[in-house]
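Q: next input, structure requested:
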Amino acid sequence: MADEQLQGRVALITGGTRGIGLATAKRLTKAGAVVVVCGRSAVDLPEGIHFMACDVRDADAVKKMVADITEKFGGVDILVNNAGGSPPAIAATASPRFSERVIALNLLAPLHCCQAVYPHMHAHGGAIVNIASVSAKRPSPGTAVYAAGKAGLVALTNSLAHEWGPNIRLNSIIVGYIETENTEATYGNDAEQQAISKNIAAGRLGKGNEIAEAVLFLVSDAASYVTGAELAVHGGGESPPFLDILSEHAGS
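A: As a prediction, this is how the structure comes out:
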């Protein structure tokens, strides 16, 4: 049953066929929005969620997708730039092509999507949420290019909030360790996940629906004076390693 917070609004969620994106699509649908998700290949989706195929790294493909959504539903009032990610790669040996593709997905693709929805949102108002990462805020050896892309995304969000306000609100979410369909591949086995959880203030990994609720807040009228914000949804973050070292020395 819809709660009607977003009744009459059209939302586009990139990378919305699984994980955080799908959880967000379900939540915004429940809130009354017409929700379109995009990805490179179609999958089975819950009833009421619409799919469009698009490689968001391709600016022309993004423009066409937004034009198709506008023709079918009247425009895009909410954009959630969720698509992103990167496999591990050592920066010293990562190929230029690899680095370019990681930056394209995590920074340029969100920009393409923002630019495509700008005309409708500038005229009618709108809200954009960019899904960033704790990697944007702390060293991320092994995924340095990904971290740079997400840090750039946060900076882009803050700048566009000023450039495109007041009609368009833009915010970013600093996402922490979240359980998804690929939790084990991302964070290791149960023992490794427990070790990670012990170092998080909340004592556990987060859940996709917890990010979805944060997105709902930021795109709703409840956040009408929230723009250019970096909302940390990371369970309090990680304890710095030096505290363990000091503790060990104090006990010796």
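
Q: what about V175, distance to A136?
A: Distance of V175 to A136, computed by CB to CB, to the nearest Å: 10 Å. (Glycine included, C-beta is placed from N, CA and C.)

Q: looking at those two, which one has more neighbours?
A: V175 (25 against 22; other CB atoms under 10 Å).

Q: how about the contacts made by the more buried one?
A: V175 makes contact with I20, I131, A132, S133, V134, G206, I211, V233, H234 under the criterion CB atoms under 8 Å, 6 or more residues apart in numbering.

Q: give me the nearest residue to it, chain neighbours excluded.
A: The shortest distance from V175 to any non-neighbouring residue, by CB to CB, 6 or more residues apart in numbering, is to S133 (5.4 Å).

Q: neighbours of the one you found, how many?
A: 27.

Q: and it, how far from I211?
A: Taken as CB to CB, the span from S133 to I211 is 11 Å.

Q: is it possible to get CSV of the contacts of V175 that adds distance to G84?
A: Listed next are those as CSV, based on distance: CB to CB, whole Å:
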residue, distance to G84
I20, 10
I131, 7
A132, 9
S133, 8
V134, 13
G206, 16
I211, 13
V233, 15
H234, 16
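
Q: among the residues you listed, which are in strands?
A: Among these, the members falling in strands (DSSP state E) are I131, A132, S133, G206, V233.

Q: which stretches of this structure form strands?
A: Secondary structure of the chain by DSSP E: the strands cover 10-14, 34-39, 49-53, 78-81, 126-133, 168-175, 178-179, 206-207, 230-233.

Q: nearest to S99, out of those?
A: Closest of these to S99 is strand 126-133, at 17.0 Å (criterion: CB to CB).

Q: direction included, what does the closest one pair against?
A: Here strand 126-133 has these sheet partners by DSSP bridges: strand 78-81 (parallel), strand 168-175 (parallel).

Q: show residues contacting that strand.
A: Taking contacts as CB under 8 Å, 6+ apart, the residues outside strand 126-133 that touch it are 20, 76-82, 84, 110, 114, 117, 120-121, 146-147, 150-151, 153-154, 156-157, 160, 167-175, 211, 215, 218-219, 223, 230.

Q: now the buried members of these.
A: Burial by neighbour count, judged by 16 or more other CB atoms under 10 Å, picks out 20, 76-82, 84, 110, 114, 117, 120-121, 146-147, 150-151, 153-154, 156-157, 160, 168-175, 211, 215, 218-219, 223 from the contacts of strand 126-133.

Q: for the strands of the chain, give me CSV that also has mean pLDDT and distance to V62.
A: Output for those, formatted as CSV (pLDDT from 0 to 100; distance: least, CB to CB, whole Å):
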stretch, mean pLDDT, distance to V62
strand 10-14, 98, 9
strand 34-39, 97, 9
strand 49-53, 97, 10
strand 78-81, 98, 11
strand 126-133, 98, 14
strand 168-175, 98, 17
strand 178-179, 92, 25
strand 206-207, 96, 29
strand 230-233, 98, 24
